[in-house]
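S.K.: from the sequence below, what's the structure:
(4 chains)
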2 protein chains.
Amino acid sequence: MKTRTSLDFPRPFTLVDVVIFAVRADRLQVLLVRRPAHESDPFPGRWALPGGFVDVARDADLLACAQRKLFEKTAIDSPYLEQLGSWGSMRRDPRGWSATHVYFALIAAPDAPPAEGGNAAQAGWFPLDALPGRRALAFDHDEILRAAIERLQSKVEYTSLPAFLLPEPFTLPQLQRIYEIVLGRAVDKSGFRTRMLAMDFLDEAGYQSGEAKRPAMGYRLRDRRVPVVFPRTFNPRR
Amino acid sequence: MKTRTSLDFPRPFTLVDVVIFAVRADRLQVLLVRRPAHESDPFPGRWALPGGFVDVARDADLLACAQRKLFEKTAIDSPYLEQLGSWGSMRRDPRGWSATHVYFALIAAPDAPPAEGGNAAQAGWFPLDALPGRRALAFDHDEILRAAIERLQSKVEYTSLPAFLLPEPFTLPQLQRIYEIVLGRAVDKSGFRTRMLAMDFLDEAGYQSGEAKRPAMGYRLRDRRVPVVFPRTFNPRR
DNA sequence: GAAATAGTGTCTGTAAGACATTATATT
DNA sequence: AATATAATGTCTTACAGACACTATTTC
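M.R.: Now for the predicted structure:
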């Protein structure tokens, strides 16, 4: 390959998609949007991850683009957002070579359904155990969603990620419940508490009444930008 | 944002860059290439990560593109390759909005310097503790390289990644040495051996003579595609 | 005071870290 | 036989998991 002196060669499409997780009704759920129904669009009427083309005029960088798309769908402006990866090939989009940069968002569960106001597209929350069937999502979004779930579940084993799925302040019993939901198994209370408090990433925020009989201590994250990494995974039992 | 019916809008450049690590002369090193010297090119003469534009005609997908660029520089065709992340913004390249998909390669140390035959660009191995100074690399490659080093060092704490830095078959003392080089600290032999063998990802490949006084058992990776994840990090001491 | 949930204490098994010891090759 | 390195064994300590127990609230 010699140096390309000219920039006049075909460019792939550049997109950003966002996998948005929340725990609602005691289940881990993901936000999907419906593709427009026009037959001229690819995958008309199919469910897809929220996202779309990078707008070179509006988006300063990929993260800003992801934040914009997330805000358009959820009206949430400061979620936990991390890069999941990118998917690009000549075949994933019938319109041509395209590459999407995928982000991964954890938000505190909104009680209301997603705001369908601003954006015309229909949106909905789907529990992970009740997703639209196999190969049901548009593009390669099935594969991307699988990767996102895998990443989330594996990181939950050894990080404080689930804390981002709760509104602050939250109690340790609440946080433990989130861990159990995402991990899909019970977690020992004593060990859980010791572990969380030993990592020293929570600030006390006063007792929280009302939730249960006895009030529990509320906590806030000391640093909402980054999760804490534990030195061991949960239940190394194999 | 309404649905874009036309595809006639500006597209960012799409690139793939590869961070290639090897252990040479008992040090972790990274492969860099020199940018062309023409003043018309961005960052002329500066060191950069190997990579470049996706070729929509030749590259079926991002991984294939990364493999092609890696092969062009090292003539190695089956390294360990994983996605590191992507960097995209309107400002990282003076030629316009661009996004690069960055891969992360671990290869067994070539004794010879990188093949400069096929490709005209000058290439060189740089020990991580003797990199060209701060903000010396082209584009945002300083930042990308930092992220790659961070990822490597953190994964080494709890995965079998360093095994990809050795040619097969390798012995446990050799593997331990690689861990120590990448981690930058000593590792206890007994614990190391127990841990590696307990994870059951190595196949015996006969005793290896010549390396030292007493021959050591040689091993091959049972699965060269994926590293093994340990249930704990090394030295949880804090 | 009964019930429910928050929070703590105790015991045990496992495994890592430190370091001593044994084993097997080369010279 | 001396030496160097491979491989294993022993001891201690830390900590997760299991589970019992105590504490504090509401009704």
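S.K.: make it CA atoms for all contacts and neighbour counts henceforth
M.R.: Fine.
S.K.: what segments of chain A are strands?
M.R.: Using DSSP state E, the strands of chain A run over A:13-24, A:27-34, A:47-48, A:51-53, A:80-89, A:98-106, A:123-127, A:170-171, A:202-208, A:216-221.
S.K.: break chain A into its domains for me.
M.R.: Domain ranges of chain A: A:13-130, A:156-221, per automatic domain parsing.
S.K.: buried deepest among those, which one?
M.R.: Each of the domains of chain A was assessed for mean neighbour count using mean count of other C-alpha atoms under 10 Å in any protein chain shown. The highest is domain A:13-130, with a mean of 19.
S.K.: can you tell me if that one touches chain B.
M.R.: Yes: judged by C-alpha under 8 Å from any C-alpha of the partner chain, domain A:13-130 and chain B are in contact via A:13-14, A:36, A:41, A:54, A:56, A:59-62, A:83-91, A:97, A:101, A:119-120.
S.K.: hang on, the earlier thing: export the domains of chain A as a markdown table, with columns for mean pLDDT.
M.R.: As requested, the domains of chain A are exported to a markdown table (pLDDT from 0 to 100):
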| stretch | mean pLDDT |
| --- | --- |
| domain A:13-130 | 90 |
| domain A:156-221 | 93 |
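S.K.: ok, now which ones touch A:Leu32?
M.R.: Neighbouring residues of A:Leu32 by C-alpha atoms under 8 Å, 6 or more residues apart in numbering or on different chains: A:Trp47, A:Ala48, A:Leu49, A:Pro50, A:Ala123, A:Gly124, A:Trp125, A:Phe126.
S.K.: out of these, which two sit at the greatest distance?
M.R.: Distance extremes for those: the farthest pair is A:Pro50 and A:Phe126 at 13.1 Å, using C-alpha to C-alpha.
S.K.: give me the common contacts of those two.
M.R.: A:Leu31, A:Leu32.
S.K.: before we move on, the earlier item: would you mind giving the domains of chain A as CSV with distance to DNA strand D added?
M.R.: Output for the domains of chain A, formatted as CSV (distance: least, C-alpha to the nearest atom of the strand, whole Å):
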stretch, distance to DNA strand D
domain A:13-130, 21
domain A:156-221, 4
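S.K.: out of the ones you listed, which is closest to DNA strand C?
M.R.: domain A:156-221 (3.3 Å; C-alpha to the nearest atom of the strand).
S.K.: what comes up buried for the top helix by length along chain A?
M.R.: What stands out as the longest helix in chain A, according to DSSP state H, is helix A:141-156. For helix A:141-156, a neighbour-count test (16 or more other C-alpha atoms under 10 Å in any protein chain shown) marks A:His141, A:Asp142, A:Ile144, A:Leu145, A:Ala148, A:Ile149, A:Leu152, A:Gln153, A:Lys155, A:Val156 as buried.
S.K.: so the first one sits right up against A:Gly51, yeah?
M.R.: Read it as A:His141. No: checked against C-alpha atoms under 8 Å, the pair A:His141 and A:Gly51 is beyond contact range at 10.9 Å.
S.K.: how many other residues sit next to A:Val226?
M.R.: Neighbour count of A:Val226, defined by other C-alpha atoms under 10 Å in any protein chain shown: 15.
S.K.: wait, I meant A:Asp140
M.R.: Residues near A:Asp140, counting by other C-alpha under 10 Å: 17.
S.K.: list phi and psi for it.
M.R.: Backbone torsions for A:Asp140, taken as degrees, to the nearest 10, come to phi -100, psi 30.
S.K.: what sits against the closest residue to it other than its chain neighbours?
M.R.: With sequence-adjacent residues excluded and distances taken as C-alpha to C-alpha, 6 or more residues apart in numbering or on different chains, A:Asp140 is closest to A:Arg92, at 6.2 Å. Shown in contact with A:Arg92 (C-alpha under 8 Å, 6+ apart): A:Ser98, A:Phe139, A:Asp140.
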